[in-house]
Every structure is written in structure tokens, then in C-alpha cells.
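Peer 1: sequence first, predicted coordinates after that:
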Amino acid sequence: MKKKKCRQKLITHEPPRITYFVGGNMAANTSKDVNTNIPDYEYTDVNTKLFHIGSFRSEWLKRLKPSSYSFQAEDEEAFEANFAKELGVDPEIMTKVKSVCSLESLRCHPEDQQPDPEVVPPDSTLKTLVQRKKRQDHRASLKISKNRHDLYADELDRMTVGRKAESVADMVPEGEVILTINVYYPAVFDKFNYIRPHVTLVMTGSHSLAELRDAICCVSDLQVCGEFSNTPDIAPDFISKDHFKSAFFYFEGVFYNDMRFPECQDISMTIIEWAKARNFPPYSQAKMEDTRFIDLKIKVGFPYLYCHQGDCEHLVIFTDIRLVHKNDCMDKKLYPLLIHKHRVTTQKCAVCHVYIGRWITKNDQFAPSNPCLFCDKCFRMLHYDAKGNKLGDFLAYPYVDRGAFN
Amino acid sequence: MEFCRKQVKSDCEELLSRFQRTESVRFEIFSKIWREMKFSHIFYGTMTHEKRHFSRLVLDTACVFFLPPFNFQIRVGGLYLLYSLYRSQTASPLQQIRLALKDWEDVQKFEKDAVDAQHLDAVYILRQLMCIKAFHFTAMPSLLTFNKKRKVERSALCEKFVERTSRPQELINIELLEELSNVHKLYENLKNSVFATAEQAHPDPSLNLIQKDFVPEIRGTVVDFYKWQQMTDCAGDGEAEDAGEGMSSQQECSGRAERLASIKSKAYGQAAEAPKSRRHRQVEIDFSNNAGQSHMSGSVRMSRPSLKARTSDSVDISGDTWKDATTPTLISRLTTLNSASDEKPKQYKRFKW
Ligand SMILES: [Zn+2]
Ligand SMILES: [Zn+2]
């Protein structure tokens, strides 16, 4: 009996002891693992494990001196005095340290012979430059002129760099979290390629999901349903966004529904009930407008879902989360910032070949093809008289080009 | 920008291996190599709309060398590289150096090591970067877009930059072997005692779940690993002579025979393999000029009671089974060093003028 007891006791003690045993010499690792709000990879270079954005922020703030994340520039002299004092360095050595570490020591050419930084140095041994030279020569031979979109893309966020707000109340506070979010467009490609069209938005931790939703432009929100050949002037009033306001984000088992308007429906309910009936893990719901990013638990790099217009689905990826930096836009009112936009080729009007198509006609005797695409101006000139009366027989559907937001 | 990732990495590695050959951690030496290679020019001739992406890529690439698993000298080089690149970039606004929360502790440790060893230039540059707000305090080292690579391209770590693996030696040390051996014995005894009543001479063979001689076995494996490590080190004709700041020592190879003899004589050089965190300090005490300051803080590792102590607390065993388990074991004699290490640890010269 006693022996049996002994054995039982040993067994009950076994598990904790084994974990101790394994973890014993790796205490440094285990202490790291305990804190789940220090983001780490779930899959290397792909996505992180789950963590709470607000706690991630406090973990950083706990570790940093306030001066490290302050918007204020630190005083150079104070810095040096501090350094000298802390390391017990006398002024003479301090001067030497400073001069050794100065920018002067990085200059790769005589002071009076500054080469043109816009030109690839021709005789460099650096592999990067050898490649860049080759690439440049190749481009020159092709006579590629710089795309105006490239030029524009570079300007997108330059305007907001370090922008101060007019009033203190609109200032992004020090230590705030900045999120970079990619929203991908449903891929409708004739041929498969690796480019995933998306927009990149920058938001702060205090923004709500509803504010993200409002920043996502999608043609399906602007789609107008119906045939309007008899009343082309009222067509723009029937924009889908105003009709079908429901939408949700789906992150980590929770559907965040937009419930700001009385017309909004909880369109996630169908999915939740469907899942329940099939014994899927339970899902829950929350309101988009009541959820701030700082309250979310997410995985960086992981694809989530935004769904609107019933079935227009976008992938949403948080590509970066960090503390705000003094070079960031500090005017809250300018957020969400759009820092990347994918450009798609636009469908031009079949008549003028200049403007983007706004109307599709069918069974149209004036059209060179069936169906046919027209810009608003050409469409009206061709199909209506001066008084706006419809000429001839045809069907007209409003059309919103995917590149309309370029 | 992806097209030049490999080239950038290779240029950084070239600079750092030249730095490594100097066996120095001085910024003066680093900047000399930087100028010789005309490294500032790496930014020249990037197209306007590519400047920021290129800066991002260069900084992300360089930042890797500032963190483990690279050895102290390479990490100092990595820090200098980050500083130099940050200050030479042509992008506007400047791109920040990304520092991930999980890596913060390593940076702190690095700073402490540099301060303790009075590497003024390294400390100055790190703090200077902090002061001019060169860092983004991020969740992860780079932006993540769920990029699952079709074919996994091995971005090989530059082997000779990496701190020698000593985990197996650290983990399977005398202390652990002894404890392991005790536990094993205890376990065997326990099995015996359970079956003593069942009129069986030997325990049921179905209870032989663990290799009988697994303690010597595990020790043998680590010895083999250590020997192999020594061999490959020397094959690389002593180039791997670097390790953490002022530490690790066993790389000095003056001849194969001598080496093998020394291996035999001292199990597997456990003394030379003090835990990484302490190796550094050990050296300081040996070499420190300011004899006044001792950095020997209380060892954290020792504060935990040994497994043996914990076992005796938690296992309730009657009779004299326990007595056996507490006597010194053969293993402890096997792994004890015959003589103290006579090899000199390596240390980088201090910041002197
Ligand atoms: Zn959509
Ligand atoms: Zn037209």
C-alpha cells in the first residue's frame, strides 16, 4: 500500500519536474516566452504570433527612456556631458571620441571633389553598384522614361512628413502606436501574376476600425445597379455605398460589424450561425465603431478579411506596428494616411480614347461594338439631343472603372 | 528593390570580414575600411523614387549583423555599419533603423558589455543613434506581408561571423550530468523497489523505457560534437578565432596531436566554456586595468537549487534507496577537469589613445 502511494506521488510530481528539467538551463528563453506581448515569429519572415497591440505598446514604453521616443530633439551638449559623466571620460578623451566618430571619417573622397550623388560611380568594387550600373545602362538603351505614377507615388507621403497639427488637441501624442495596413483588392486577372494590387494605409492606435473602413475605397461601393438610359441624370444617386452599408472586418475569431447606421445589418450573423451548425469553433461579434486598434489582439503579417457589399472580399494585413516617430505626420486629422496605391490601367472611352469610361451601352445602334464603353461627355453627345431627350434604342448602365481612383 | 538584396548583403559581409581580420572593435579602423571601399557610394545613382526603398533595404540588411547570433566583434561592426549607413543615406526623409521589441534585450546586453569593456566609441555611437532618434521601435525587424516563399532561398548566415555554438556543452555540463545520473539511479531504484514485493528478481522489462546507460551515452555524444567542432575550426585555418567580447579560448590550435591530447586530458573543456553571459566578465577580471571595479555580480544561474535538492524535496521515498542516490557518482569524476585551462581568452583592446 505504501509503495503504491509512493508511486502515485511520484507520478503526480512528474510533469512539473520534467518541464523544469528541460527548461532549467534555458531560463533566458523561457522567461522570454512567458511574455506573449513581445511579438515573435509564428512563421519566420511570414507572420507573428498573436499579441495585444496596447500591451505591446506598454512593453516598449516600459523599456525606453521617455527621451528616446519624444518628439523633442535631444540637446547635443547635454548628451555629451551626460556621456562623459556616465562613462567617466575626461574632456580631452571626449573630444577625441567625438572626432573619431564624426561624419568626416566616413567621407570617401576629398572634400573639394564631391562626386555627383545622382550618378552611379563607374569603377566601384561594390557589387551593388556594379549591378546598378548594368541596370542603368540597360534602361538607358531601352529609353524608358520615368512613369508619372512613380513620381507621384514618391510624393504621396512626403507631404505629411513631420506635419504638425494646428491645435494641440489634434496632435498625435508621443508614444502612440502607428500601424501600417495593406488592403488588397479582389484579384480579377486574366492571367496569373504575382502582383497583388493593394492600398497601404497608416493609422494610429486610437483610430477605430470604422475609420479604417471609411478609408478603404472600393469600386463596388460606387457601383450603380440598374438601367438608366431614360434618366441618366439620376444614376449617380444610386450609389451602392449608400444603399448597402453593412460591412465587417474579421480578425481572430471576431466579426467587427459596422453598426453606425440604422440600415446596417449584422451581416456576419449568417456566417456565425452556419459555423455553429457545423461545430466550428465559436465566433463572436463586436462593433467596428467601438473597437480601437490599441484594443485588438492580432498577428502582424497575417491575412484577415474585410467584407462589404455582401460579397466583395478584401484581404487585410497589418504589415507593421511601431511607436510613433518625430518624422511621422503628427496631425491626427490627416489620418488615415494613404501611402501606397496600386495603379491599374483604366478602360478608356471608345469614342475619344481620352477619358475613363462611365457608361456601358448594350444593343446600341450608335456604338461600334456591343457592349460599348463611353465617357460621360461622349455618351451624352451621342445618345441625347440638346434638350436631353433619348435618341434611338439602347440600354445604358453606369460603369465604375477599377482605376477610377488613380 | 528585391533585385539587389543579395548584392547589398554581400557588400556588407565584405566590409565586415575585412573588419574582422583586423581583430579590432575600433571605429577608427572600421571607418578606414569604409573609406577604402568607398562605401558611402552605395547610395549613389539610385533613382529618386527608389531612394527610400533602397535605404530601407540597406538598413534592414545591416541591422542583422548588430544582433545575435553574431559574435561581439561583428556586432560592433554591425553597429558601426548601421551608423555609417544611416548618416550617409540620400533618402528624404531619412529612413529609420528598425529595432524590434524582442531584440531590445540583446541591444541592452550589448551596450552593457561595451560599457563594461570601456569601448567608448561603440557606446558613443549607439547612444548617438538613440539621441538623434535614428530608431523606429517596432514589433518586428521588417514589414511582414505573409510572403510565403515558393522556393525557400537559404540566406546563409556568414558562418565565420557567428558565435561558436556552445549550447550543448553549456547544457550538458558536469552539474547536469551528475543530476541526470542521480535521477536515473533514483528511477532505477524506484522500479526495483516497486517490484521487490512482487517476488521478481528484476523489474518487468516492459518498464525499461529508458536506455540503461543513457548518461554516459549523452556525455559521449557531446564529447564527439566538441571534437568535431575543434576539428572544423582548425580546418578553417584558425579563421574562426573570434567569439564574444574578450572570450572563448579553445580555438587556438597549434597542432592536431596536441589538441587531441588536450581533449583527452580534459573531457571537453568545460572550464573554457563558461556561460556566455559570464565569459565576458571572467575576462574582465583577468585583464581589467581598473582593478577597483569588479563587475562580478552575483551569478543568477546558481541561485536555483540543484535538481538533486529539488528531487529530494519532492520525492517521497522510504528506506535506504535515497542514501545511494546522494553519494558522489562516477560521472562526476569523469567530467571533472584534471587541470585548469591554460589557454588565454581573447580580448579586444580597449579604447586608448
Ligand atoms: Zn470591395
Ligand atoms: Zn469620350
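Peer 2: Sure thing, it's come through. Ligands and ions are numbered 1, 2, ... in the order given.
Peer 1: residue B:85 and residue B:59 touch, don't they?
Peer 2: Yes. The criterion here is C-beta atoms under 8 Å, and residue B:85 meets it with residue B:59 at 6.0 Å. Any C-beta I mention is one placed from the backbone N, CA and C, and that applies to glycine too.
Peer 1: of these two, which one has the most company?
Peer 2: A side-by-side neighbour count of residue B:85 and residue B:59, using other C-beta atoms under 10 Å in any protein chain shown, places residue B:85 first with 25 against 22.
Peer 1: so residue 211: helix, strand or coil?
Peer 2: All of this is about chain A. Counting by DSSP: H, G, I helix; E, B strand; the rest coil, the backbone at residue A:211 sits in helix.
Peer 1: burial count for the nearest residue to it once chain neighbours are set aside?
Peer 2: Closest residue in space to residue A:211, ignoring its immediate chain neighbours: residue A:336 at 6.5 Å, by C-beta to C-beta, 6 or more residues apart in numbering or on different chains. Other residues lying near residue A:336 total 18 when counted by other C-beta under 10 Å.
Peer 1: isn't residue B:89 up against residue B:62?
Peer 2: No. The pair residue B:89 and residue B:62 fails to qualify as a contact (C-beta under 8 Å) at a distance of 11.0 Å.
Peer 1: more neighbours, these two?
Peer 2: Neighbours of residue B:89 and residue B:62, each counted by other C-beta under 10 Å, are more numerous for residue B:62; the result is 26 against 21.
Peer 1: ok, the residue in the stretch 51-200 of chain A that chain B sits nearest to to ligand 2 distance?
Peer 2: Each residue of the stretch 51-200 of chain A has a distance to chain B, by C-beta to the nearest C-beta, and the smallest belongs to residue A:120, at 3.1 Å. Using C-beta to the ion, to the nearest Å, one obtains 44 Å as the distance from residue A:120 to ligand 2.
Peer 1: host element of that residue?
Peer 2: Counting by DSSP states H and E, no helix or strand carries residue A:120.
Peer 1: let me see the contact set for the closest residue in space to it that isn't next to it in sequence.
Peer 2: In this structure, residue A:120 finds its nearest non-sequential neighbour in residue B:45, 3.1 Å apart by C-beta to C-beta, 6+ apart. Counting by C-beta atoms under 8 Å, 6 or more residues apart in numbering or on different chains, residue B:45 touches A:117-121, A:129, A:132-133, A:136.
Peer 1: now the closest residue to residue A:70 other than its chain neighbours: how far from residue A:166?
Peer 2: In space, not counting the residues next to it along the chain, residue A:70 is nearest to residue A:174; the distance is 5.6 Å by C-beta to C-beta, 6+ apart. The gap separating residue A:174 from residue A:166 is 18 Å, by C-beta to C-beta, to the nearest Å.
Peer 1: what's near enough to touch the closest residue to residue A:232 other than its chain neighbours?
Peer 2: Ranked by C-beta to C-beta, 6+ apart and with sequence neighbours excluded, the top spatial neighbour of residue A:232 is residue A:396, at 6.6 Å. Taking C-beta under 8 Å, 6+ apart, we find residue A:396 in contact with A:227-229, A:232, A:359-361, A:379, A:383.
Peer 1: just among those, which is most surrounded?
Peer 2: If you count neighbours using other C-beta under 10 Å, the busiest of the contacts of residue A:396 is residue A:379, which has 26 neighbours.
Peer 1: list the buried residues for the helix or strand that residue B:191 is a member of?
Peer 2: Here residue B:191, judged by DSSP H and E, is contained in helix B:174-196. For helix B:174-196, burial by neighbour count (16 or more other C-beta atoms under 10 Å in any protein chain shown) applies to B:174-191, B:193-195.
Peer 1: helices and strands around it, which ones?
Peer 2: When contacts are defined as 3 or more C-beta pairs under 8 Å, 6 or more residues apart in numbering or on different chains; DSSP states H and E, helix B:174-196 sits against helix A:2-23, helix B:214-235, helix B:307-314, helix B:321-326, helix B:330-335.
Peer 1: re the thing from before, now the phi/psi pair for the residue of the stretch 51-200 of chain A closest to chain B, please.
Peer 2: phi -70, psi 120 (degrees, to the nearest 10).
Peer 1: so it touches residue B:43, yeah?
Peer 2: No. Counting by C-beta under 8 Å, residue A:120 sits too far from residue B:43 to count as a contact (10.5 Å).
Peer 1: who's in contact with the one residue in the stretch 51-200 of chain B that gets nearest to chain A?
Peer 2: In the stretch 51-200 of chain B, the residue that lies nearest chain A is residue B:144 (2.8 Å; C-beta to the nearest C-beta). For residue B:144, the residues meeting the contact criterion (C-beta under 8 Å, 6+ apart) are A:45-48, A:300-301, A:317, A:319-320.
Peer 1: and if we set it to 10 Å?
Peer 2: Taking C-beta atoms under 10 Å, 6 or more residues apart in numbering or on different chains as the definition of contact, the neighbours of residue B:144 are A:39, A:41, A:43, A:45-48, A:299-302, A:317-320.
Peer 1: for ligand 1, see how far away it is.
Peer 2: For residue B:144, the distance to ligand 1 equals 23 Å [C-beta to the ion].
Peer 1: same check, this time on residue B:176
Peer 2: 59 Å.
Peer 1: likewise for residue A:87?
Peer 2: Taken as C-beta to the ion, the spacing of residue A:87 relative to ligand 1 amounts to 57 Å.
Peer 1: where does that residue land on pLDDT?
Peer 2: Listed pLDDT for residue A:87 reads 93.
Peer 1: now residue A:199
Peer 2: The predicted local distance difference test score for residue A:199 is 87.
Peer 1: again with the one 3 residues further on
Peer 2: pLDDT recorded at residue A:202 is 95.
Peer 1: any idea which helix or strand carries the residue nearest to residue A:232?
Peer 2: Counting by DSSP H and E, the secondary-structure element that holds residue A:396 is strand A:395-398.
Peer 1: name the SS class of the residue of the stretch 51-200 of chain B closest to chain A, please.
Peer 2: Using three-state DSSP, the three-state assignment for residue B:144 comes out as coil.
Peer 1: if you drop the residues flanking it in sequence, what lies closest to it?
Peer 2: residue A:301 is the one closest to residue B:144 (C-beta to C-beta, 6+ apart), at 2.8 Å.
Peer 1: show me the domain layout of the chain.
Peer 2: Let's take chain A. Here the domain assignment for chain A is A:113-166, A:167-341, A:359-405, based on automatic domain parsing.
Peer 1: that answer is for a different chain, and I need it for chain B
Peer 2: According to automatic domain parsing, the ranges for chain B are B:2-144+B:155-162, B:168-243.
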